[in-house]
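Undergrad: I'd like to go over a predicted model; first the sequence, then the structure.
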Amino acid sequence: MIAPAAARPPRNYRIIAVVAALALTMETIDATALVSALPTIARDFGVPATNLSALITAYLLSLAIFIPLSGRLADRFGSRTVFQAAILLFMASSLVCAAAPSIDGMIAARFVQGMAGAMMNPIARLVVLRSAPRHQMVSANSWLILPSTLGPILGPPLGGFLVTYVGWRWIFYINLPIGLAAVMLVSLLFDQHRAPHRARLDLAGFMLSSLSIALLLFGLQAATRDGEAALAAMLLLVGATFGAAYLRHARTREHPILDMRLLGLRQFRLSLVGGSLTRITQGAQPYLLPLMFQLGFGMSAAAAGTIVLATAAGALVTKLFAAPVLKRAGFRTALLVNGVLASAGYAAAGLFRPGWPWGSMVAILFVSGVAMSFQFSAYNVLVYEEIPPERMSAATSFHTTFQQLLLSVGVSLAAVVLHGAMTAGGRRIPAFGDFTIAFAVVCAISATATVVNWRFPSGAGAKIGGRDA
């Protein structure tokens, strides 16, 4: 049984969840706001904008590499200590990014930012899940969904505003007061959790899994660029080879860095697979929607971002009713019905045209945001229902790794399908029909999660506040 290292009065799990969400929102907004600033950064440093892709890939690479380490570090040094250290490291690397005199310096600082981000997300989830009573896990978890929903939506318009009116360096400076507030609140509110029996670091497994994840991620990104099909295929093949080597290695280790034995737990396995399929659409829509509104409707980045905020508003509303609805309807029924609604809503967004009333488009995006956020409220709680306390760190690292990977897969897949539709039509700029195809493909994949949802037991979630069978 994992217990706090030092006794403290019981904390309100909602406050802890809000503090964790504050830190994670800082991270996700920073990661997405930078995209809006790339042309300006390129002009200031006198380099082509196409040369700045490393600012994005360095962060993603670091994130993919270090997420599996998060649980082990929390077990060894304490969850509060590691979370605070991650925030401080994120702040320090943000300052270096803002003050960097060269692109190479910024790339190095972005890699360090990714390292800090890799620690923040899984440990935040671990702290919140340990602070909340099991019957309140849905309510607590709903706060942790917001950063991943709000970040990709709020980041681009915020980045555009800062670049236009203040300067691109403020994309990084703005992290400092937010991070400082988060560190202080963490000191006051978070308990220090350590594992009583700490396993040795699986260094070989860490290397194999990191190489596999990184190569698969970059292979998917290469597939979205012209003339790099051979490189993409090679990266994917080598990444899959390292992945197979890791699976062979993990069978021989008592405490592998990513414990595949967790897949033997039925609800963990189903939640992971169903949630991963659904995240294809979750990752794709922040990429496709702003692009469609800007290129298809001729809107400015700020105007497009304002409309897309409807999905964020839907996600915010969801936390008000997710827990009681899941308790009344049951997790399995809610996942089945709502999963179809979530996929259908974003598929309908692919049919938007200039003649549509603005109110109807905003309403569809709002309902889609509600449905998608609700779906993750269920998945992200069910995945832990069968996990014993001593395996919580391992489960969190495993789950968060797949979350990040599948969001990236969603973006890459959407870009591949959109590019393929443009190529088939002989177009250099996507037409509305190309967006329709891209939305249809990613939503069809997410809709297959219905088959997975059907396999949940009727009493799934009963231990954490769901309706009994």
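TA: Looks like it arrived, so ask away. Fair warning: this is a prediction, and the values are worked out from it, not measured in the lab.
Undergrad: C-alpha from now on. contacts and neighbour counts both.
TA: Will do.
Undergrad: I'd like the average pLDDT over whichever strand or helix holds Arg332.
TA: Assigned by DSSP states H and E, Arg332 belongs to helix 331-349. Here helix 331-349 scores 92 as its mean pLDDT.
Undergrad: again with stretch 122-142
TA: Here stretch 122-142 scores 73 as its mean pLDDT.
Undergrad: now stretch 295-307
TA: Taken as a whole, stretch 295-307 has a mean pLDDT of 75.
Undergrad: for that stretch, measure first residue to last.
TA: 14 Å (Cα to Cα, to the nearest Å).
Undergrad: ok, residues contacting that stretch?
TA: Residues outside stretch 295-307 that contact it (Cα atoms under 8 Å, 6 or more residues apart in numbering) are 153-154, 156-157, 160-161, 290, 293-294, 353-354, 362, 429-432.
Undergrad: who wins for neighbours among those?
TA: Neighbour counts for these (other Cα atoms under 10 Å) peak at Ile153, which has 28 neighbours.
Undergrad: quick one: the helices in the stretch 251-400 of the chain?
TA: In the stretch 251-400 of the chain, the segments counted as helices under DSSP state H, counting those that start in this stretch are 266-291, 301-318, 322-329, 331-349, 358-382, 392-424.
Undergrad: same thing with the stretch 101-250 of the chain?
TA: Under DSSP H, counting those that start in this stretch, the stretch 101-250 of the chain gives helices at 103-131, 137-165, 170-173, 175-189, 203-222, 229-250.
Undergrad: let's have these in a markdown table, adding distance to Gly459.
TA: Shown next, in a markdown table, are the helices of the stretch 101-250 of the chain (distance: least, Cα to Cα, whole Å):
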| stretch | distance to Gly459 |
| --- | --- |
| helix 103-131 | 21 |
| helix 137-165 | 15 |
| helix 170-173 | 46 |
| helix 175-189 | 34 |
| helix 203-222 | 34 |
| helix 229-250 | 32 |
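Undergrad: so which of those helices gets nearest Ser93?
TA: When the helices of the stretch 101-250 of the chain are compared for distance to Ser93 using Cα to Cα, the nearest one is helix 103-131, at 5.2 Å.
Undergrad: how about the helix or strand where Val451 lies: buried residues?
TA: Assigning secondary structure by DSSP H and E places Val451 in helix 449-454. For helix 449-454, burial by neighbour count (16 or more other Cα atoms under 10 Å) applies to Ala449, Thr450, Val452, Asn453.
Undergrad: mind saving the C-alpha coords of it as PDB?
TA: Provided in PDB are the C-alpha atoms of helix 449-454 (Å, rounded to 0.1, in the frame of the first residue of the first chain):
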ATOM      1  CA  ALA A 449     -14.100   2.000 -30.600                       C
ATOM      2  CA  THR A 450     -17.800   1.000 -30.400                       C
ATOM      3  CA  VAL A 451     -16.800  -2.600 -30.800                       C
ATOM      4  CA  VAL A 452     -14.400  -2.200 -27.900                       C
ATOM      5  CA  ASN A 453     -17.000  -0.400 -25.800                       C
ATOM      6  CA  TRP A 454     -19.400  -3.300 -26.300                       C
END
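Undergrad: pull the distance from it to the chain's centre.
TA: Distance of helix 449-454 from the chain centroid (Cα atoms, centre = their mean, to the nearest Å) equals 21 Å.
Undergrad: contact partners of that helix?
TA: The contact list for helix 449-454 (Cα under 8 Å, 6+ apart) reads Leu270, Val273, Gly274, Gly275, Leu277, Thr278, Arg332, Leu335, Leu336, Gly339, Val340.
Undergrad: again, only this time at 6 Å
TA: Gly274, Leu277, Leu336 (Cα atoms under 6 Å, 6 or more residues apart in numbering).
Undergrad: what's the closest of the residues you listed to Arg391?
TA: Arg391 has its nearest neighbour among those in Gly274, at 21.1 Å by Cα to Cα.
Undergrad: any idea which of the helices of the stretch 101-250 of the chain gets closest to Ala344?
TA: The minimum distance between Ala344 and the helices of the stretch 101-250 of the chain falls on helix 137-165, with 18.2 Å, by Cα to Cα.
Undergrad: identify the residue spatially nearest to Ala124, adjacent ones excluded.
TA: Ala20 (5.5 Å; Cα to Cα, 6 or more residues apart in numbering).
Undergrad: what's the burial count for that neighbour?
TA: 26.
Undergrad: report the buried residues of the helix or strand harbouring it.
TA: Using DSSP H and E, Ala20 falls within helix 13-45. By 16+ other Cα under 10 Å, the buried positions in helix 13-45 come out as 13-39, 41-42.
Undergrad: now the angle between helix 103-131 and that helix, please.
TA: Between helix 13-45 and helix 103-131, the angle comes out at 170 degrees (axes from the mean of the first three to the mean of the last three Cα atoms, to 10 degrees).
Undergrad: quick one: average confidence on the helix or strand just after helix 13-45?
TA: Remark: after helix 13-45, the chain's next helix or strand is helix 53-66, criterion DSSP H and E. Helix 53-66 shows a mean pLDDT of 76.
Undergrad: what's the following helix or strand after helix 53-66?
TA: Sequence-wise, the next helix or strand downstream of helix 53-66 (DSSP H and E) is helix 70-77.
Undergrad: so where's the stretch 101-250 of the chain shaky on pLDDT?
TA: Where the stretch 101-250 of the chain drops to pLDDT under 70, the residues are 134-146, 148-153, 156, 195-199, 224.
Undergrad: switch the cut-off to 80
TA: Residues of the stretch 101-250 of the chain meeting the criterion pLDDT under 80: 121, 125-126, 128-161, 163-164, 191, 193-201, 217, 220-228.
Undergrad: adding distance to Leu88 and neighbour count, write the contacts of helix 449-454 out as JSON lines.
TA: JSON lines is the format used below for the contacts of helix 449-454 (distance: Cα to Cα, whole Å; neighbours: other Cα atoms under 10 Å):
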{"residue": "Gly274", "distance to Leu88": "34", "neighbour count": "24"}
{"residue": "Leu277", "distance to Leu88": "34", "neighbour count": "24"}
{"residue": "Leu336", "distance to Leu88": "41", "neighbour count": "19"}
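Undergrad: can you count the residues close to Leu201?
TA: Burial of Leu201 is recorded as 14 neighbouring residues (other Cα under 10 Å).
Undergrad: for it, what are phi and psi?
TA: Note on Leu201: backbone dihedrals following degrees, to the nearest 10 are phi -70, psi 130.
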